[in-house]
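Show me the folded form of this:
(one chain, ligands or ions: 2)
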Amino acid sequence: MTVMVGQRAGKGHKIGLVVAQFNELVTEKLQAGAVSQLKKYGVSQDDITVVKVPGAMELPRIAKRLATSQTVDGVIALGAVIRGETSHYDYVCAETASGLAQVSLDGPVPVMFGVLTTDTLDQAINRAGGKGGNKGADCADGVLEMISIEQQIIAG
Ligand SMILES: Nc1c(NC[C@H](O)[C@H](O)[C@H](O)CO)[nH]c(=O)[nH]c1=O
Ligand SMILES: CC(=O)[C@@H](O)COP(=O)(O)O
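Ligands and ions are numbered 1, 2, ... in the order given. Predicted coordinates:
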C-alpha cells in the first residue's frame, strides 16, 4: 500500500477548533489563520466548529469532547503560552502538550498541537501571522493531511 502524504482536500470535512482565550490578541490571529487555510482547501464555514476555553490547560478536555463527539473529522487546538516570572509556564506547556498528545493518540480523530510556547509576546505575534508564519494555518494543513492519510490507510 502506498500512502500519499501532503493531500489536503478539505471539501466535506468537518473540523473542530478549540481556542484558548488567554493571550487572545495572539490566539484570535491563530484562529483566523486556521480558518482561512481550511477554507483555501475547500472546507466550508458551516463545517468549522469553534469552541473557546479559558486557557491552554483547558484545551485537552474540550479537544477530547470534540474529538469523541462524532461530529468532526479532526481537531485543531490553538493557544499561546508566554513565559512569566515563575515556573507556572513550564507546567502549563508540559501538561497541555501531554494532554493534547494523549487525546490524539487515544481518540478517533487527529488532534493538532497549535499551541505557541514562547518567551516573549513578540515571539508569539511573529508566529501568529508575522514573519514566523501562522501556526494556526500550519495546523490546518496538518489536520487535512492527517485525515487524508488515515482515510487512505482505511481504504487499503
Ligand atoms: N499563563 C498562561 C495561561 N495560564 C492559564 C492556564 O492555561 C489555565 O487556564 C489556568 O491555569 C486555570 O486552569 N494560559 C495560556 O493559555 N497562556 C498563558 O500564557
Ligand atoms: C504561562 C503562565 O502561566 C505565566 O503567564 C504566568 O505568569 P507568572 O509566572 O509571572 O505568574
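
Can you name the residues in contact with stretch 34-53?
8-21, 31, 59, 61-62, 66, 71-72, 76, 78, 114, 134, 136-137, 139-141, 144 (Cβ atoms under 8 Å, 6 or more residues apart in numbering). C-beta coordinates here come from the backbone N, C-alpha and C atoms, glycine included.

Throw together a PyMOL command that grabs the buried residues out of the residues you listed.
Selection of buried members from the contacts of stretch 34-53 for PyMOL, criterion 16 or more other Cβ atoms under 10 Å:
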select buried, resi 8+10+13+14+15+16+17+18+19+20+31+59+62+66+72+76+78+114+134+136+137+139+140+141+144
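
for ligand 2, what are the nearby residues on this protein?
81-82, 84-86, 88-89, 92 (Cβ under 6 Å from any ligand atom).

From these, pick the one nearest residue 150.
residue 81 (28.4 Å; Cβ to Cβ).

bridging residues for the closest one?
residue 117 (DSSP bridges).
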